[in-house]
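# have a look; sequence and predicted model below, questions after that.
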Amino acid sequence: GVGVGVGPGLSALGVIMTLFRRTGTLLAVLLLLAPTAVSAAPPAAQVSALWRIYNETSGDHWTGCPGWGVPVDDPCWSPPGYADDNDDELPGVHGWGGCVICDDSNTSVIGFVAGLHFSANLSGSIPTAVCELPDLQWLVVANNTHVIGTIPECVCRLSALSALDLSSNRLEGEIPTCIGNLN
């Protein structure tokens, strides 16, 4: 093995150059060009859709999604050791206070859960932004008595949707017939 001591005044570049001189290989170049920690996150369009859902349903007043928006650009991030009460029912990576569920690779939002066992205090109509989450498998906006209006027809385009719970709200109007065609 090659031993290189790092002492005061010796930079990382100095260590790399020392390795290069000692090994006579391109190891130093590879170390220099190797990417640093890369974090996977959903596409910007999905993050934007989540922020529109938040803004259009009075997100500042939500009570069931603590930590929403931290970090602002990665809804799949959750603190080390974070465990969500819904893990058994809705598997996946729970981020942004447990209301956003991501796939195991943290690259796509597969669930939006605001009201499974509690009211998250959403208000307003169900935003069409939910339809901009193409891999959505679970859409749960139950037990939010201030959710009004109709079910957006675009929900029918969510081909991966297998759980839709809009119970205990003040929705009205016809249920889109195409919902019967969902998984």
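Sure thing, it's come through. Numbers count the residues shown, from 1 in each chain.
# can you tell me how far Asn121 is from Cys65?
9 Å (Cβ to Cβ, to the nearest Å). C-beta: built from backbone N, CA, C; applies to glycine.
# do the same with Val140
Taken as Cβ to Cβ, the span from Val140 to Cys65 is 12 Å.
# more neighbours: which of these two?
Val140 (24 against 21; other Cβ atoms under 10 Å).
# give me the mean pLDDT for stretch 157-172.
For stretch 157-172, mean pLDDT is 93.
# for it, which residues meet the burial criterion?
Going by neighbour count (16 or more other Cβ atoms under 10 Å), the buried part of stretch 157-172 is Leu158, Leu161, Ala163, Leu164, Leu166, Asn169, Leu171.
# in helices, which of those residues appear?
Of the buried residues of stretch 157-172, none are assigned to helices by DSSP state H.
# distance to Ile53 added to those residues, as JSON lines?
Below are these laid out as JSON lines (distance: Cβ to Cβ, whole Å):
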{"residue": "Leu158", "distance to Ile53": "14"}
{"residue": "Leu161", "distance to Ile53": "15"}
{"residue": "Ala163", "distance to Ile53": "17"}
{"residue": "Leu164", "distance to Ile53": "15"}
{"residue": "Leu166", "distance to Ile53": "14"}
{"residue": "Asn169", "distance to Ile53": "15"}
{"residue": "Leu171", "distance to Ile53": "16"}
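# what bits of the protein have low per-residue confidence?
Residues of the chain meeting the criterion pLDDT under 70: 1-39, 79-92.
# what are the ranges of the helices in it?
Under DSSP H, the chain gives helices at 12-23, 27-33, 44-56.
# quick one: residues contacting Ile53.
Gly59, Phe112, Pro127, Ala129, Val130 (Cβ atoms under 8 Å, 6 or more residues apart in numbering).
# now it: how far from Cys156?
Distance of Ile53 to Cys156, given as Cβ to Cβ: 18 Å.
# and Gln46, by the same measure?
In terms of Cβ to Cβ, Gln46 sits 19 Å off from Cys156.
# those two: who's more crowded?
Gln46 (23 against 17).
# what's the nearest residue to that one if we skip its chain neighbours?
If the residues on either side of it in the chain are set aside, Gln46 comes closest to Val109, at 5.0 Å by Cβ to Cβ, 6 or more residues apart in numbering.
# hang on, the one you found packs against Ala45?
No: Val109 lies out of contact with Ala45 (Cβ atoms under 8 Å); the separation is 10.3 Å.
# looking at these two, which is more packed in?
Set Val109 next to Ala45 and count neighbours by other Cβ under 10 Å: Val109 wins out with 28 against 11.
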